[in-house]
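1. I'd like to go over a predicted model; first the sequence, then the structure.
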Amino acid sequence: MNFMIWPQWDPGTVIGYSLFAILCLSFGFLEQRGLLLLNYSRFRKTSGISSRTGMFILYFVPIVVYALFSRSHMDAPTLVQSLLFWAIVGHFAKRCLEVLFVHKYSGPIDLPTVAQIAMAYSLATFLLARLHTVTIATIDPLFIVGGALFIFGEFFNFYHHKLLADLRQVEGQEQKYAIPSRGLFPLITAPHYLMELCAWLGIALMSRHLGAYMIFIWTCGYLFGRALRTHQWYHQNFANYPRERKAIVPFAL
């Protein structure tokens, strides 16, 4: 069983992966300190475009990028390539549908935030599309584990998004937040982020490329940083927020 598909190392590849590694490792640090200026949800600004429009754009553009750059191998794909294609398209399509039919928005999202997130996700899908011209030859046990993790993560990510949406009341331009208490929320502030990480780990295990594992690390950094900021926000805005509740890892962090 092949646990990793390594790139062919040459000076250009070494430089490219080194720069990408720096990006992956710095993203969480910058997000946790609010230096990325990704202003959406409870951190939104007071001006910009409709949040529903902006969020739909930033999830839809990566689908287009992935589809365009997958054309070379999707004319006659292997089963592994087909499953990877539909997993990645399905992930972002699910997010688009949640934007349209699940999430509740009140304030706007600014264009720089939309552009930053759309470019980050599009970079990830571009890299995955290029990597997936080469995959493992056949489905193996690790691929099945990855597929199960992906389905588990996507389902429970949706479940916790729905719990959050059901709690929120929008009055005019103000969104009223409440402390969630169902699902995994009694244990952690951001179970929807934890479940998204499960899905991305599943994609990495199905892909098996070094670049896919790095994208998972990148996503970990961003969502851990976002979860810590969200955790801090709840403590600042709710005097009765449970002190024993962790940010994203039950009983740990």
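-> Okay, I see it.
2. The residue lying closest to Val145 once chain neighbours are set aside is in what secondary structure piece?
-> Leaving aside its chain neighbours, Val145 sits nearest to Leu205 (6.0 Å; criterion: Cβ to Cβ, 6 or more residues apart in numbering). From N, CA and C alone the C-beta is placed, and that goes for glycine too. Assessed by DSSP states H and E, Leu205 sits inside helix 191-207.
3. what's the answer for Phe155, then?
-> Phe155 belongs to helix 141-167, assigned by DSSP H and E.
4. same deal with Ala239?
-> Element membership for Ala239 (DSSP H and E) is empty, with no helix or strand holding it.
5. What pLDDT is listed against it?
-> Ala239 carries a pLDDT score of 92 in this model.
6. distance of it from Gln232?
-> For Ala239, the distance to Gln232 equals 14 Å [Cβ to Cβ, to the nearest Å].
7. re earlier: model confidence over the helix holding Leu205, on average?
-> 98.
8. Show me what the helix or strand following it is packed against.
-> Downstream of helix 191-207, the first helix or strand assigned by DSSP H and E is helix 210-237. Helices and strands touching helix 210-237, by 3 or more Cβ pairs under 8 Å, 6 or more residues apart in numbering; DSSP states H and E, are helix 11-32, helix 111-131, helix 191-207.
9. Now stretch 112-125: buried residues?
-> Counting neighbours by 16 or more other Cβ atoms under 10 Å, one finds that the buried residues in stretch 112-125 are Thr113, Val114, Gln116, Ile117, Ala118, Ala120, Tyr121, Ser122, Leu123, Ala124, Thr125.
10. pLDDT and distance to Cys24 for those - can I get that in JSON lines?
-> Shown next, in JSON lines, are those (pLDDT from 0 to 100; distance: Cβ to Cβ, whole Å):
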{"residue": "Thr113", "pLDDT": "88", "distance to Cys24": "20"}
{"residue": "Val114", "pLDDT": "91", "distance to Cys24": "22"}
{"residue": "Gln116", "pLDDT": "89", "distance to Cys24": "16"}
{"residue": "Ile117", "pLDDT": "91", "distance to Cys24": "16"}
{"residue": "Ala118", "pLDDT": "95", "distance to Cys24": "18"}
{"residue": "Ala120", "pLDDT": "92", "distance to Cys24": "11"}
{"residue": "Tyr121", "pLDDT": "95", "distance to Cys24": "14"}
{"residue": "Ser122", "pLDDT": "97", "distance to Cys24": "16"}
{"residue": "Leu123", "pLDDT": "94", "distance to Cys24": "11"}
{"residue": "Ala124", "pLDDT": "95", "distance to Cys24": "10"}
{"residue": "Thr125", "pLDDT": "97", "distance to Cys24": "16"}
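11. now these in TSV, with distance to Gly48?
-> Converted to TSV, the buried residues of stretch 112-125 look like this (distance: Cβ to Cβ, whole Å):
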residue	distance to Gly48
Thr113	8
Val114	8
Gln116	13
Ile117	13
Ala118	14
Ala120	18
Tyr121	19
Ser122	20
Leu123	23
Ala124	24
Thr125	24
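12. which of the residues you listed sit farthest apart?
-> Taking Cβ to Cβ as the measure, the buried residues of stretch 112-125 span a maximum distance of 18.6 Å, between Thr113 and Thr125.
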